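Enquirer: Quick one, what's the 3D model for this:
(one chain, ligands or ions: 1)
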Amino acid sequence: MPRSGKDCDEMNRTHVKKVPVVDQSECTGCRLCLEVCHTGSLEVANGLAALVRPNDCVSDAHCVEACPEGAFRMVWVEMEGDRTRGKWGSGGRVWPGRLRGVRSGMSN
Ligand code: SF4
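Expert: Reported below is the predicted structural model:
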């Protein structure tokens, strides 16, 4: 069955999710962010925190509030995934960097 123009618009749209990224120069590896992340989206490896399960993140920014170094910030990142979890948008200004250690369909 042919797709409608609305379907095509949806397929071509860039989906972005608000997720935490860590400034590696600020992170001390204290693991406080892991303690407050109730979705288990973060891990600390080699002394640095990273969002390793972005699909599980619910964009609640508890890690941002918990970090004593101010190492985390929330940014819009282009990705695919479960759009019922977390804050999603389409298009707009996205973070140009890469997420360290990210899995679940995102490059690192
Ligand atoms: S709370 Fe901050 S400094 Fe501590 S591991 Fe997490 S990001 Fe790094």
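
Enquirer: quick one: the strands in this protein?
Expert: Along the chain, the segments classed as strands by DSSP state E run 15-22, 42-45, 48-51, 72-78, 88-90.

Enquirer: Who are the packing partners of the second one?
Expert: Applying 3 or more C-beta pairs under 8 Å, 6 or more residues apart in numbering; DSSP states H and E, we find strand 42-45 packed against helix 32-36, strand 48-51. (C-beta placed from N, C-alpha, C; glycine too.)

Enquirer: got it, and the fourth one?
Expert: For strand 72-78, the helices and strands in contact under the criterion 3+ C-beta pairs under 8 Å, 6+ apart are strand 15-22, helix 62-66.

Enquirer: per-residue confidence at the spatially most central residue of the chain?
Expert: Per C-alpha atoms, centre = their mean, the C-alpha nearest to the average position across the chain is that of residue 19, at 2.9 Å. We have a pLDDT of 96 for residue 19.

Enquirer: how about it, what does it touch?
Expert: 51, 54, 57, 59, 74, 75, 77, 79, 86, 99 (C-beta atoms under 8 Å, 6 or more residues apart in numbering).

Enquirer: Now the buried members of these.
Expert: 51, 54, 57, 59, 74, 75, 77, 79, 86, 99 (16 or more other C-beta atoms under 10 Å).

Enquirer: Please tell me how far the residue nearest to the centre of the chain sits from residue 34.
Expert: 16 Å (C-beta to C-beta, to the nearest Å).

Enquirer: about what we covered before: tell me the one of the contacts of residue 19 nearest the ligand?
Expert: Closest approach between these and the ligand, by C-beta to the nearest ligand atom: residue 51, at 10.1 Å.
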